[in-house]
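Participant: for reference, the sequence and a predicted model appear below.
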Amino acid sequence: MDQPFSAVKVTDRVYWVGAIDWELRNFHGYLTSRGSTYNAYLVLADKITLIDTVKPAFYDEMMSRIRSVIDPSDIRYIVSNHAEMDHSGGLDRACRDLKPEKLLASAKGVEALAEHFHWSVNAEAVSTGASLDLGNDSLRFIETRMLHWPDSMFSFLCSEGALFSNDAFGMHLASAERFADELDFELLKYEGGKYYANILLPLSPIVKKLLNKLPEFKFDIQIIAPDHGPIWRGDDVSKIIALYDQWASRQPTRKAVVLYDTMWHSTAQMAAAIGEGLTLGGARVSLYPLASAHRSDVASELLDAGALLVGSPTMNNQIYPTVADAMTYLKGLKPQQLIGASFGSYGWSGEAVQHLDALLNEMKVELVREGLRVKYVPDRENLEQCRALGIKVAECLPKK
Ligand code: FEO
């Protein structure tokens, strides 16, 4: 179906032809409160090239944007920087509709696309350092293996200094604006940080390595065009690279995150008293009650938190389900250099804090004490113990 969408000019030769997903609120378990975009780019060189596509449901929107600048049948090459379906979902149809001369991806991308679409399409593998001649321009490729999939790669358009970075430097943010310099930088820092924490945090050593290696390619990067969120240009290019360097370094600060859920408000009372102790000890503290808070917002806090305290009632000898959910998620993100403790109320057996201590140990969180348990309802002395725990954690946090 024809749709009324237009391409957005990024440079003389590059157009944004992606889609805006204003409705998205759940991106495989990550709360996307502000929606997202799936960015595809059209390079108007002699050999017209499409870089990445969109989720299948947005295929018509992408084609409408392409048609606003060219006849889609003029597309000669398609480059797939990343095989995840939010970028390759429209690729199968695009290949059938557009019949490009070449489809290019990394070697792992060629495998992954075949395994997604069960094709016999003739995709060509490119490796780091390879380039694609576009007639009056060229694209160069860098494999960015495991950032964040085995197939991920960057493409660089030499004439315009445009780095197409797939998920890297992106964020889930639906907006009418296409460029970072049209949006509030604090918002971009927040959403970019949330994206980093929820997608890239466990891969920080690889991010660091890539940032250190990037200058070796001698790319004069004028634009970073990611596959989600706004495009970085001008001063914003160095700003987002500096933020990635900071996030990948994960310097713990005097910030403590208290994550908990509660059945009859006992564990909640403990959390509040621990928070009070942390504040008295001079730490910054955020409490996340999981009845209303989302695991992906907690993950954002771990970009610079120094402490993680986790509270759970015992239910059927286990950690309370919402806390188990959040901890499974956070464990996978591998936050480093955290101190912490567990706490919780119980009625008769009280295993939750032991389970939490075991989990925190597996996450290499340095425990300041064994889990703090309170039977049924905390009394004044119990709450004083909680407050003391908060003060003790604050004492162990970095000084700034
Ligand atoms: Fe935006 Fe890894 O897909």
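Facilitator: Perfect, I can see it now. Numbers count the residues shown, from 1 in each chain.

Participant: quick check: the residue in the stretch 51-200 of the chain positioned nearest to the ligand vs residue 35, distance?
Facilitator: Taking CB to the nearest ligand atom, the ligand has its nearest neighbour within the stretch 51-200 of the chain at residue 84, 3.5 Å off. Bear in mind the C-beta positions are built from the backbone N, C-alpha and C, glycine included. Applying CB to CB, to the nearest Å, the value for residue 84 to residue 35 is 18 Å.

Participant: any buried residues in stretch 306-319, and which?
Facilitator: In terms of neighbour count (16 or more other CB atoms under 10 Å), stretch 306-319 has its buried residues at 306-315, 319.

Participant: quick check: end-to-end length of that stretch?
Facilitator: Distance across stretch 306-319, first residue to last, is 23 Å (CA to CA, to the nearest Å).

Participant: ditto for stretch 17-33
Facilitator: 23 Å.

Participant: what is the mean pLDDT for it?
Facilitator: In this model, stretch 17-33 carries a mean pLDDT of 96.

Participant: could you check that stretch and say which residues are buried?
Facilitator: Buried residues in stretch 17-33, counted by 16+ other CB under 10 Å: 17-21, 24, 27, 30-32.

Participant: of those, which pair is most distant in space?
Facilitator: Across the buried residues of stretch 17-33, the longest distance by CB to CB is 27.6 Å; it joins 17 and 31.

Participant: residues in contact with the helix or strand hosting residue 355?
Facilitator: Assessed by DSSP states H and E, residue 355 sits inside helix 352-362. Residues external to helix 352-362 that are found in contact with it (CB atoms under 8 Å, 6 or more residues apart in numbering): 308, 310, 312-315, 318-320, 323, 327, 331, 340-344, 346, 367, 370-373.

Participant: next one: stretch 374-392
Facilitator: Residues outside stretch 374-392 that contact it (CB under 8 Å, 6+ apart): 256, 264, 266, 269-271, 273-281, 283, 285, 309, 341, 343-347, 350, 368-369, 372.

Participant: among the buried residues of stretch 306-319, which one lies nearest to residue 99?
Facilitator: Distances from residue 99 to the buried residues of stretch 306-319, taken by CB to CB, are shortest for residue 308, at 52.4 Å.

Participant: what is the closest one paired to in the beta sheet?
Facilitator: residue 257, residue 340 (DSSP bridges).

Participant: hmm, it is touching residue 260, no?
Facilitator: No - using CB atoms under 8 Å, residue 308 is not in contact with residue 260, being 11.2 Å away.

Participant: residue 3 contacts residue 59, correct?
Facilitator: No - look at residue 3 against residue 59 with CB under 8 Å: they stay out of range, at 10.1 Å.

Participant: domain parsing for the chain?
Facilitator: Domains of the chain are assigned by automatic domain parsing as 8-249, 256-395.

Participant: need the three-state assignment for the closest residue to residue 253 other than its chain neighbours.
Facilitator: In this structure, residue 253 finds its nearest non-sequential neighbour in residue 304, 4.9 Å apart by CB to CB, 6 or more residues apart in numbering. Here residue 304 is recorded as coil under DSSP: H, G, I helix; E, B strand; the rest coil.

Participant: how about residue 393?
Facilitator: What three-state DSSP gives for residue 393 is helix.

Participant: how long is stretch 197-215 end to end?
Facilitator: End-to-end for stretch 197-215, by CA to CA: 24 Å.

Participant: pretty sure the residue of the stretch 51-200 of the chain closest to the ligand sits against residue 149.
Facilitator: Yes - the pair residue 84 and residue 149 qualifies as a contact (CB under 8 Å) at a distance of 6.1 Å.

Participant: check contacts around residue 249.
Facilitator: Residues near residue 249 by CB under 8 Å, 6+ apart: 204, 208.

Participant: how much space between it and residue 310?
Facilitator: From residue 249 across to residue 310, the span is 24 Å (CB to CB).

Participant: over to residue 29?
Facilitator: In this view, residue 29 and residue 310 are 19 Å apart by CB to CB.

Participant: same question for residue 13.
Facilitator: For residue 13, the distance to residue 310 (CB to CB) stands at 51 Å.

Participant: same check, this time on residue 293
Facilitator: For residue 293, the distance to residue 310 (CB to CB) stands at 13 Å.

Participant: overlap in contacts of those two?
Facilitator: Shared contacts of residue 293 and residue 310 (CB under 8 Å, 6+ apart): residue 259.

Participant: where's the closest residue to residue 363 other than its chain neighbours, which helix or strand?
Facilitator: Once flanking residues are discounted, residue 363 sits nearest to residue 331: 5.3 Å by CB to CB, 6+ apart. Secondary structure from DSSP H and E places residue 331 in helix 321-332.

Participant: which positions in that helix come out as buried?
Facilitator: For helix 321-332, the neighbour count (16+ other CB under 10 Å) marks 322-324, 326-327, 329-330 as buried.

Participant: again with stretch 8-18
Facilitator: Residues 8, 10-11, 13-18 are the ones in stretch 8-18 that count as buried (16+ other CB under 10 Å).
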